[in-house]
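> Have a look; sequence and predicted model below, questions after that.
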Amino acid sequence: MPACPLIFHPDPRLSRPAAAMALSPEAVHALARDVLDTLGEVGAMGLTAPHIGRAERIVVIRLQPDEDAATYVDPIVVWASEERAAHPEGSVSMPGVIEPVERPARIRVRYRDLDGVEREEAAEGLRAACLQHEIDQLDGVFWIERLTRLRRDRALRRFAKIRGQAARKAG
């Protein structure tokens, strides 16, 4: 299936919390496939349904191109360590902008798999950062909101410059 179109910052849909999944099992599988196909097409590590304009709580993560993707339906962080770690973050909805974001170093996430079975998973390092980033997106928290005001303003200026250059090339 072809990739779905992405939505870009500052689209207000990126700031709205996604609804709990109330779709049929077939529709959940279809949405997960759309998110996975789009993830592969754009070369991201993680992607949510809101990135493709769907307000449902689904995340697909694949940290390495050669690994199987993991799908999380209605994920929530149920525990986070006090220890923190910084990882470079960005978004397909704000391409070309990357900044370090500090988050809890270890987390535990509760979610349902594609068969509707409730699961829990512990994560640390890059997987923990990626899960937190994507769950934030489901909660309507765009990643730059985790930056200091100075770094957020710098990121927004950089993105405006990138978009301006892209518009000039297209025009």
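Now that the structure is in, tell me what you want to look at.
> May I ask you to name the longest helix in the chain?
Selection of the longest helix in the chain by residue count, based on DSSP state H, yields helix 149-170.
> now for that one, which elements pack on it?
Applying 3 or more C-beta pairs under 8 Å, 6 or more residues apart in numbering; DSSP states H and E, one finds that helix 149-170 makes contact with strand 94-104. In this view, the C-beta of every residue, glycine as well, is placed from N, C-alpha and C.
> The strand it packs on: what's the following helix or strand?
strand 106-112 (DSSP states H and E).
> And for that next one, what's in contact with it?
Strand 106-112 is touched from outside by 21, 72-81, 83, 118-124, 128, 131-132, 135, with contacts defined as C-beta atoms under 8 Å, 6 or more residues apart in numbering.
> Tell me which helix or strand comes right after that strand.
Following strand 106-112 in sequence, per DSSP H and E, is strand 118-124.
> Now do the longest helix of the chain, average pLDDT.
Average pLDDT, helix 149-170: 89.
> got the buried residues for that helix?
Within helix 149-170, the residues scored as buried using 16 or more other C-beta atoms under 10 Å are Arg152, Ala155, Leu156, Phe159.
> can you check stretch 76-94 too?
Val77, Ala80, Ala85, His87, Glu89, Gly90, Ser91, Val92, Ser93, Met94.
> just stretch 132-147 next, same as before
132-138, 140-144, 146-147.
> Pick the one among those closest to Lys169.
For the buried residues of stretch 132-147, the minimum distance to Lys169 (C-beta to C-beta) is 24.2 Å, reached by Ile144.
> Leu36 and Arg127: what is the separation?
Look at Leu36 and Arg127: by C-beta to C-beta, to the nearest Å, they are 17 Å apart.
> and the closest residue to Ala44 other than its chain neighbours, what does it touch?
Closest residue in space to Ala44, ignoring its immediate chain neighbours: Val92 at 5.1 Å, by C-beta to C-beta, 6 or more residues apart in numbering. Listed by C-beta under 8 Å, 6+ apart, the contact set of Val92 reads Leu6, Val42, Ala44, Leu47, His51.
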